[in-house]
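> please find the sequence and the predicted model below.
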Amino acid sequence: MVKLPAMNFSSVLAGRSVFVTGHTGFKGSWLCLWLAKLGAQVTGYALAPPTTPNNFLVSGVRPLLANHYEADIRDCEALTKAMQETQPDVVLHLAAETVVRRSYRIPRKTFDVNVTGTASVLDAVSALDRPCVVVAVTSDKCYANHGQVWGYRENDPLGEQEPYGASKAAAEILINAYRHSYFPPEKVGRHGVKLASVRAGNVVGGGDWTEDVLVVDLVRALTEGSEVAIRNPRALRPWQHVLQALDGYLSLAAKLLESDEPKYCSAWNIGPMPGNELPVQEIVERFISEWGSGSWRDASDATQPHEASILRLNIDKAIWELNWRPRWGIDQAIHATIDWYRQHLEGQADMQEVCFEQIAAYEATEPQNVGQNMESLSNLL
């Protein structure tokens with residue numbers, strides 16, 4: 001096996017101006033914490049925190065930021081002004097409508113935020129007229145899901161049939177159009193913009209209070225001592241800790257900063273090793289076991305909105321071309337998630353420090369070997 005070098009985020013990102021959209025959300029708040037730890041000058045641009053409580057406030061993200069803009073990414077004038085004022089070296093675009101079931105209730109807004117909002121970000125980058133790395137986050141649900149048991153690759157067809165996945169597929173098409181029309185990778189010396197997209201698997205982690213999210217429902221029910229109602233117990237997803245997804249984003253951003261090779265300006269899957277794509281039921285049972293108590297019931301409903309039953313990601317491209325590998329398996333992810341919520345519920349811990357401790361623990365973990373945790377498909381289904 002090729003030995004991976006130690007994380008080089010600090011040497012590459014320290015002192016850089018990094019512009020994060022969606023920084024008040026679950027992933028965005030963790031990303032800002034990690035960037036601040038690395039010594040980056042972080043600017044956040046987003047609406048007010050989307051939930052109460054939220055990790056942005058609970059973990060004290062605001063004081064760590066160099067700049068904080070509370071605004072809508074669809075407001076291209078405000079977004080462009082913010083970028084002009086901060087002159088970012090890196091833009092990490094996470095702002096989005098993120099919930100599948102919510103997208104059924106607000107389809108037009110979902111497309112508007114996820115597609116038009118992405119166009120606003122790229123227009124603002126273009127107006128900078130300076131070198132800039134852009135990593136745009138879409139979703140593993142952007143693929144045209146046919147229920148296949150093998151993992152989707154970056155060159156597989158796009159276009160899920162529900163509004164959220166379709167909006168993320170549309171965002172990917174838009175990103176590709178901007179890449180080739182305005183920021184062609186083979187001409188980066190002329191325009192200076194390196195544009196890539198990332199499609200990450202399902203994330204778990206402390207500090208998430210998003211509606212209709214499995215871990216949030218679990219923690220709420222287990223804290224209250226009530227039975228956990230599970231909508232799709234057999235649905236299979238590529239689970240990973242939030243830090244693992246962010247590890248992929250930061251690895252890609254660092255590589256783009258260091259290299260002018262066109263191949264990095266493309267789409268990337270960031271997910272777990274095979275064997276961590278587990279049914280919801282198994283995730284719930286492992287979570288309850290780690291928690292130490294609790295029970296669940298099958299709340300399946302044939303009339304509920306469509307959600308894909310099987311989703312796997314193939315991460316070969318990230319492994320062999322980006323030299324990135326996952327560090328935590330699902331049991332480590334569940335343990336860290338429960339530890340975060342328990343410390344928060346006890347009310348004694350400094351949650352910012354808890355986040356920094358978990359980031360340090362993740363950084364200290366050796367990347368997994370290729371083939372680690374491999375299981376037969378029959379055992380996973």
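Alright, I've got the coordinates.
> can you get me a residue count around Thr52?
For Thr52, the neighbour count with other C-beta atoms under 10 Å is 8. C-betas here are computed from N, CA, C, even on glycine.
> could you do Asp350 as well?
Asp350: 12 surrounding residues under other C-beta under 10 Å.
> distance of it relative to His344?
Look at Asp350 and His344: by C-beta to C-beta, to the nearest Å, they are 11 Å apart.
> list the contacts for the closest residue in space to Arg16 that isn't next to it in sequence?
Excluding its sequence neighbours, the residue lying closest to Arg16 (C-beta to C-beta, 6 or more residues apart in numbering) is Asp89, at 4.4 Å. Applying C-beta atoms under 8 Å, 6 or more residues apart in numbering to Asp89 gives the contacts 16-18, 131-133, 257.
> what is the strand ranked longest in the chain packed up against?
The longest strand of the chain (DSSP state E) is strand 193-200. The contact analysis (3 or more C-beta pairs under 8 Å, 6 or more residues apart in numbering; DSSP states H and E) places strand 193-200 against helix 117-128, strand 132-137, helix 163-181, helix 242-258, strand 267-270.
> what are the pairing partners of that strand, and which direction each?
With DSSP bridges as the test, strand 193-200 is paired with strand 132-137 (parallel), strand 267-270 (parallel).
> tell me who's in contact with the nearest residue to Ile73 once chain neighbours are set aside.
Take Ile73 and drop its neighbours on the chain: the residue closest to it by C-beta to C-beta, 6+ apart is Gly117, 4.0 Å away. Residues counted as contacts of Gly117 (C-beta under 8 Å, 6+ apart) are 72-74, 95-96.
> would you list these in JSON lines and tack on distance to Ser300, secondary structure and neighbour count?
Formatted as JSON lines, the contacts of Gly117 follow (distance: C-beta to C-beta, whole Å; DSSP: H, G, I helix; E, B strand; the rest coil; neighbours: other C-beta atoms under 10 Å):
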{"residue": "Asp72", "distance to Ser300": "37", "secondary structure": "coil", "neighbour count": "15"}
{"residue": "Ile73", "distance to Ser300": "36", "secondary structure": "coil", "neighbour count": "25"}
{"residue": "Arg74", "distance to Ser300": "36", "secondary structure": "coil", "neighbour count": "17"}
{"residue": "Ala95", "distance to Ser300": "32", "secondary structure": "coil", "neighbour count": "28"}
{"residue": "Ala96", "distance to Ser300": "28", "secondary structure": "coil", "neighbour count": "26"}
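> distance of Ile283 from Gln348?
Taking C-beta to C-beta, one finds Ile283 at 28 Å from Gln348.
> the more surrounded of the two?
It is Ile283, of Ile283 and Gln348, that has more neighbours when counted by other C-beta under 10 Å, with 25 against 7.
> low-confidence regions, this structure specifically.
Scanning the chain for pLDDT under 70 picks out 1-8, 371-381.
> and if we set it to 80?
Within the chain, the ranges that satisfy pLDDT under 80 run 1-10, 275, 301-308, 370-381.
> can you pull the contacts of the residue nearest to Trp340 when sequence neighbours are not counted?
Closest residue to Trp340 apart from its sequence neighbours, by C-beta to C-beta, 6+ apart: Gly206 at 2.3 Å. Residues near Gly206 by C-beta under 8 Å, 6+ apart: 55, 336-337, 339-341, 344, 354-355, 358.
> which of the residues you listed has the most neighbours?
Tallying neighbours with other C-beta under 10 Å puts Asn55 at the head of these, with 30 neighbours.
> my read: it touches Val216, true?
No. Taking C-beta atoms under 8 Å as the definition, Asn55 is not a contact partner of Val216, at 11.7 Å.
> overlap in contacts of those two?
Residues touching both Asn55 and Val216 (C-beta under 8 Å, 6+ apart) are 208-209.
> picking up where we left off before, figure out which of the helices and strands packed on strand 193-200 is closest to Ala302.
helix 163-181 (19.9 Å; C-beta to C-beta).
> with just CA atoms, put whichever helix or strand comes after the closest one into PDB.
Following helix 163-181 in sequence order, the next helix or strand is helix 188-191 (DSSP states H and E). Output in PDB follows, covering the C-alpha atoms of helix 188-191 (Å, rounded to 0.1, in the frame of the first residue of the first chain):
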ATOM      1  CA  VAL A 188      -6.000  28.300 -15.800                       C
ATOM      2  CA  GLY A 189      -2.900  30.400 -16.400                       C
ATOM      3  CA  ARG A 190      -5.200  32.900 -18.200                       C
ATOM      4  CA  HIS A 191      -8.200  33.100 -15.800                       C
END
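> how about helix 188-191: buried residues?
Buried residues in helix 188-191, counting neighbours by 16 or more other C-beta atoms under 10 Å, are found at 188, 191.
> that older thread, could you export the strands paired with strand 193-200 as a markdown table, including distance to Thr223 and mean neighbour count?
Converted to a markdown table, these look like this (distance: least, C-beta to C-beta, whole Å; neighbours: other C-beta atoms under 10 Å):
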| stretch | distance to Thr223 | mean neighbour count |
| --- | --- | --- |
| strand 132-137 | 30 | 25 |
| strand 267-270 | 30 | 24 |
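> any chance you could list what contacts stretch 107-114?
Stretch 107-114 is touched from outside by 73-74, 95-97, 102-103, 163-164, 166-168, 170-171, with contacts defined as C-beta under 8 Å, 6+ apart.
> next up, the contacts around the closest residue in space to Val354 that isn't next to it in sequence.
Spatially, and ignoring its direct neighbours in sequence, Val354 is nearest to Gln343 (5.3 Å; C-beta to C-beta, 6+ apart). By C-beta under 8 Å, 6+ apart, the residues touching Gln343 are 349, 351, 354.
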